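Asker: Okay, here's the prediction I keep looking at, along with the sequence it came from:
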Amino acid sequence: MTDRIQLGLTDVSASATPAAPASAVTEELLVTGMTCAHCVASVREELSEIDGVEAVSVDLVAGGTSHVTVHSATPLDDDALTAAIEEAGYTRVSA
Ligand code: 9UX
């Protein structure tokens with residue numbers, strides 16, 4: 001069993017375009033407390049609800065610090081990102 005799983009970029013927009021969005025904004029978040037694919041799904045779901053967010057990718061590091069990348073068409077409110085992580089039940093940490 002691996003404790004490091006790359007869960008790829010998924011387009012959350014309604015567009016049928018197969019290519020990844022050429023998002024204007026990319027934010028890298030560090031998140032602790034995630035240990036399985038369901039954790040990943042929860043984080044992605046919450047972040048995807050933020051206005052402008054087009055795609056979310058998660059590099060899960062179970063028992064460590066996972067790296068979450070958010071692609072958005074519009075500028076992202078940093079507090080909204082933190083709130084989404086907390087809403088999902090995890091902790092955003094600083095580098
Ligand atoms: Mo998986 Mo994550 O069973 O908090 S949902 S560990």
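Answerer: Yep, that arrived. Numbering: from 1, shown residues only.
Asker: my guess is residue 47 contacts residue 56, does it?
Answerer: Yes. Assessed by CB atoms under 8 Å, residue 47 is found in contact with residue 56 at 4.8 Å. The C-beta positions use only the backbone N, C-alpha and C, and glycine is treated the same way.
Asker: shared neighbours, those two?
Answerer: 68, 70 (CB atoms under 8 Å, 6 or more residues apart in numbering).
Asker: Can you list the residue ranges for strands in the chain?
Answerer: Taking DSSP state E, the strands of the chain run over residues 4-11, 25-32, 53-61, 65-72, 91-93.
Asker: among those, which is nearest the ligand?
Answerer: Closest to the ligand of the strands of the chain, according to CB to the nearest ligand atom: strand 53-61, at 9.9 Å.
Asker: one step back: could I get the strands of the chain in CSV, plus columns for mean pLDDT and distance to residue 79?
Answerer: Shown next, in CSV, are the strands of the chain (pLDDT from 0 to 100; distance: least, CB to CB, whole Å):
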stretch, mean pLDDT, distance to residue 79
strand 4-11, 54, 24
strand 25-32, 97, 12
strand 53-61, 98, 15
strand 65-72, 98, 14
strand 91-93, 98, 10
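Asker: Turn those strands into JSON lines, columns for mean neighbour count.
Answerer: Output for these, formatted as JSON lines (neighbours: other CB atoms under 10 Å):
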{"stretch": "strand 4-11", "mean neighbour count": "13"}
{"stretch": "strand 25-32", "mean neighbour count": "16"}
{"stretch": "strand 53-61", "mean neighbour count": "22"}
{"stretch": "strand 65-72", "mean neighbour count": "21"}
{"stretch": "strand 91-93", "mean neighbour count": "15"}
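Asker: would you list those strands in CSV and tack on distance to the ligand?
Answerer: Compiled in CSV, the strands of the chain are given as follows (distance: least, CB to the nearest ligand atom, whole Å):
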stretch, distance to the ligand
strand 4-11, 12
strand 25-32, 11
strand 53-61, 10
strand 65-72, 11
strand 91-93, 11
